[in-house]
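Novice: Fold the following.
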Amino acid sequence: MPYMSVSPDQLASAGSYVAREWGDYGYRFTGIESPASHVSVFRVQASDGSRFTVLVDRWSNCRHLDTHNGDEGLGLMIAEMQANATAS
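Specialist: Numbering: from 1, shown residues only. Below you'll find the predicted structure:
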């Protein structure tokens, strides 16, 4: 099992972000990862099969990444969010 370190605030922020940006039904989390100490990655799938990724830092700041072309840019986004979260 991959390591996960997700606070309740991060989990709630990810859910709220999905509901606010795309709607409050038809989406589900298919995976949660914690690749950095202050950033968690939530894999999301829509009912139509499309997928995207929501990243949440320790301060509950959210960003998303479309993953229809793979995870290009995911590592860069994680590093940027990690740097911002630790600088604060």
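
Novice: Go through whatever helix or strand Met81 lives in and flag the buried ones.
Specialist: Element membership for Met81, per DSSP states H and E: helix 74-87. Neighbour-count burial for helix 74-87 flags Met77, Ile78, Met81, Gln82, Ala85 (criterion: 16 or more other Cβ atoms under 10 Å). (Glycine included, C-beta is placed from N, CA and C.)

Novice: Next, the contact list for the first one, please.
Specialist: Under the criterion of Cβ atoms under 8 Å, 6 or more residues apart in numbering, the contact partners of Met77 comprise Leu55, Arg63, Leu65.

Novice: Distance-wise, check the second one relative to Leu55.
Specialist: Using Cβ to Cβ, to the nearest Å, one obtains 5 Å as the distance from Arg63 to Leu55.

Novice: Mind listing the shared neighbours of those two?
Specialist: Counting by Cβ under 8 Å, 6+ apart, the shared contacts of Arg63 and Leu55 are Met77, Met81.

Novice: These two - which one has more neighbours?
Specialist: Neighbour count, other Cβ atoms under 10 Å: between Arg63 and Leu55, Leu55 has more, with 25 against 15.

Novice: you'd agree the more buried one is up against Asp71?
Specialist: No - counting by Cβ atoms under 8 Å, Leu55 does not reach Asp71; the two are 11.3 Å apart.

Novice: Next, show the common contact partners of those two.
Specialist: Leu65.

Novice: quick one on the thing from earlier: can I get the contacts of Met77 in a markdown table with distance to Arg28 and secondary structure?
Specialist: Listed next are the contacts of Met77 as a markdown table, based on distance: Cβ to Cβ, whole Å; DSSP: H, G, I helix; E, B strand; the rest coil:
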| residue | distance to Arg28 | secondary structure |
| --- | --- | --- |
| Leu55 | 17 | strand |
| Arg63 | 19 | strand |
| Leu65 | 17 | strand |
